[in-house]
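Chemist: A structural model of the following input is requested.
(2 chains)
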Amino acid sequence: MAPKVLVRDLSKSFPLRQGKGFITLNVIEDLSMSVDENEFVVIIGPSGSGKTTLLKLIDGLIPPDSGEILIDGTRHPKPGPKLGFVFQSFRLMPWKTVMGNVMFPLKLNHIDKRVASERAVKYITEVGLTGFENSYPSELSGGMQQRVGLARAMALEPEIMLMDEPFGSLDAQTSELLQVELLKLWQFKKNTVIFVTHNLDEALLLADRILLIGARPSRVEEEIKVPFRRPRWTYDVRSELEYPVLRRHLWTRLREMVSKSGTFPGVNVAPTATAPLAGEEWTPRLAERS
Amino acid sequence: MSAKDTVGIKRRRVAWATRIVILAALVAIWQFAAVSLGPLFLPQPLSVVYATIALFGNGTIEVALEQSMTVYLIAFGTSLAIGIPLGLVMGGIKAVGDAVDSFINLFNSMPRIALIPLMVAWFGLGVTAKIAIVILLAFFPIVINTYNGVLNTDKDLLEAATSFGASRGQLFTQVMLRAALSNIITGVRLGASVGILGVVVAELFTAISGLGGLIVNYGNTFQLNDYFVPVLVLSAIGVTISEGLKYVERRLTPWKQFQR
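Modeler: Down below sits the predicted model:
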């Protein structure tokens, strides 16, 4: 079976201002990976390793420098209803109600209004927000806001869900709750999921396969098949025999990468530029938009 | 929800009670100052009330009000009709924004009152000149705030909309316009209050007319009882307009009520 998402030799760098000049920050270099249809893949890696950048590249939000991304064998993905994005920072439109937010992508894609509102109600119900249709995001807790984010992405009925640390900014309890709900939602409506996190337990609970990504410039360092049987919410995955072994292995690998990577990995100093500042945190930015 | 409403009502009651106390204190201070300074320097509140009744009774205020408001509404309306679309275009099309922005800033930082003689030279002393002066003052805050509102749209929201397949046009109409709304209203409010100032200034500098004209006439002839009437009428207009726009803002941006 041809893979749903195929990434080949992907590279992406960003210019980074240093003093008067610019240096090139290689975020991703020669990264290759593939995801099968209806597979739940979790990408895990040290912070700043270009995981978000990778998701944006797969979505087609930003173009790669080199290499290619094929979705169903088609090159150059474009953002659209085929791909649903769930963001760490929720990114709900503050001026829209829950209903308005879930309907928003449908409206953008010119889906008939009646169909759109039926679908919105359906997915609002599925994420357990019935009764909050007319609330504004600012009236909701973080967990509820991300439920809206989930419903919004699912309402497009995308073939692929791209999830960028969706539960990363929630408290531990809420995030565990939502992990289980995501498992259930996915079980009954299988689609392809690429889920980015740096939470090992989250990765082990959710994934069919974990891709371990190294520090900048990132590539896939290791691939781990997660053996736990599904559905996983029916038992305690953490009490499985392999669980601590896998977790320790992942943790060791991550720690190695962080310590090996030094203070400012992936930086090629251009001739005009001054030396990079040690320890400076770098976050990928949205490509230049006019 | 009902608990929230009750809290809101209670807070509003406290606010109104405080306002009334402050108003009473102000009137008391005024009364005290008037008595100690004498009627030549400051009329007593009650004399101003009598003057108000008299000037409304003989139609003086009504005529002046009509003159002033005609200038104001035409000029403010024109400023809105040009300022908002221009600000939107500047924000939506980067090249236009970059090109026009510097000129807008140039005019905005200029002391525009200095241009009044120029307006008089161009348009004479009549209504046209007055309208031009008010536009000169009210237009810029409207354009600048609209432009900034569009420009400062949250990049994350734009990226989210893009990821759902929004076209450039949709990004503008569905995200930028909505995100800019409260800035636009702020611009309109600033423009409205500067516009009132503009009307008075225009009526002082061109052919004497309207409420500004009454202020000059009564002031120059030391009719201080009467002088306070157009001043208070202008304040009342200012308050009414800004409260009205606050109401409009609350209606247009209901989600803001919960952002505390």
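
Chemist: residue A:130 looks like it's in a helix, true?
Modeler: No - secondary structure of residue A:130 (DSSP: H, G, I helix; E, B strand; the rest coil): coil, not part of a helix.

Chemist: okay, now the residue nearest to it when sequence neighbours are not counted: neighbour count?
Modeler: Leaving aside its sequence neighbours, residue A:130 sits nearest to residue A:124 (C-beta to C-beta, 6 or more residues apart in numbering or on different chains; 6.4 Å). Where you see a C-beta, it was placed from the backbone N, CA and C, and this is true even at glycine. Using other C-beta atoms under 10 Å in any protein chain shown, residue A:124 has 24 other residues around it.

Chemist: which element is residue A:124 on?
Modeler: helix A:113-126 (DSSP states H and E).

Chemist: buried sites along that helix?
Modeler: For helix A:113-126, the neighbour count (16 or more other C-beta atoms under 10 Å in any protein chain shown) marks A:116-117, A:119-121, A:123-124, A:126 as buried.

Chemist: now render those as CSV, adding distance to residue A:241 and pLDDT.
Modeler: Converted to CSV, the buried residues of helix A:113-126 look like this (distance: C-beta to C-beta, whole Å; pLDDT from 0 to 100):
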residue, distance to residue A:241, pLDDT
A:116, 47, 94
A:117, 48, 94
A:119, 42, 93
A:120, 43, 95
A:121, 43, 96
A:123, 37, 94
A:124, 40, 95
A:126, 34, 90
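
Chemist: closest to chain B out of those?
Modeler: Minimum distance to chain B across the buried residues of helix A:113-126 is 12.5 Å, recorded for residue A:116 (C-beta to the nearest C-beta).

Chemist: the closest one touches residue A:103, doesn't it?
Modeler: Yes - here residue A:116 reaches residue A:103: they are 5.0 Å apart, a contact under C-beta atoms under 8 Å.

Chemist: one step back: pull up the gap between the residue nearest to residue A:130 and residue A:41, please.
Modeler: Distance of residue A:124 to residue A:41, computed by C-beta to C-beta, to the nearest Å: 27 Å.

Chemist: same check, this time on residue B:152
Modeler: The value you get for residue B:152 to residue A:41, if C-beta to C-beta is used, is 37 Å.

Chemist: more neighbours: which of these two?
Modeler: Between residue B:152 and residue A:41, counted using other C-beta under 10 Å, the more crowded position is residue A:41 (23 against 13).

Chemist: residues from the stretch 1-150 of chain B in reach of chain A?
Modeler: With C-beta under 8 Å from any C-beta of the partner chain as the criterion, the stretch 1-150 of chain B meets chain A at residues residue B:94.

Chemist: residue ranges in the stretch 1-150 of chain B under the pLDDT threshold?
Modeler: B:1-5 (pLDDT under 70).

Chemist: in it, what residue comes closest to chain A?
Modeler: For the stretch 1-150 of chain B, C-beta to the nearest C-beta, closest residue to chain A: residue B:94, 4.1 Å.

Chemist: which residues touch the most centrally placed residue in chain A?
Modeler: Residue closest to the average C-alpha location in chain A (C-alpha atoms, centre = their mean): residue A:164, at 2.6 Å. Neighbouring residues of residue A:164 by C-beta atoms under 8 Å, 6 or more residues apart in numbering or on different chains: A:51-52, A:55, A:85-88, A:196.

Chemist: do you know how far it is from residue A:115?
Modeler: 28 Å.

Chemist: flag every buried residue along stretch B:36-49.
Modeler: By 16+ other C-beta under 10 Å, the buried positions in stretch B:36-49 come out as B:42-43, B:47-48.

Chemist: stretch A:123-142 too?
Modeler: A:123-124, A:126-127, A:129, A:132-133, A:135-137, A:139-140.

Chemist: report how many residues lie close to residue A:188.
Modeler: Count around residue A:188 with other C-beta under 10 Å applied: 9.

Chemist: residue A:255: how many residues sit nearby?
Modeler: 11.

Chemist: for residue A:248, same thing?
Modeler: Residue A:248 has 11 nearby residues by other C-beta under 10 Å.

Chemist: before we move on, what about the one 4 residues further on?
Modeler: Residue A:252 has 10 neighbouring residues, counting by other C-beta under 10 Å.

Chemist: before we move on, what about residue B:29?
Modeler: What residue B:29 shows, counting by other C-beta under 10 Å, is a neighbour count of 10.

Chemist: do residue B:15 as well
Modeler: Applying other C-beta under 10 Å, I find that residue B:15 has 10 neighbouring residues.
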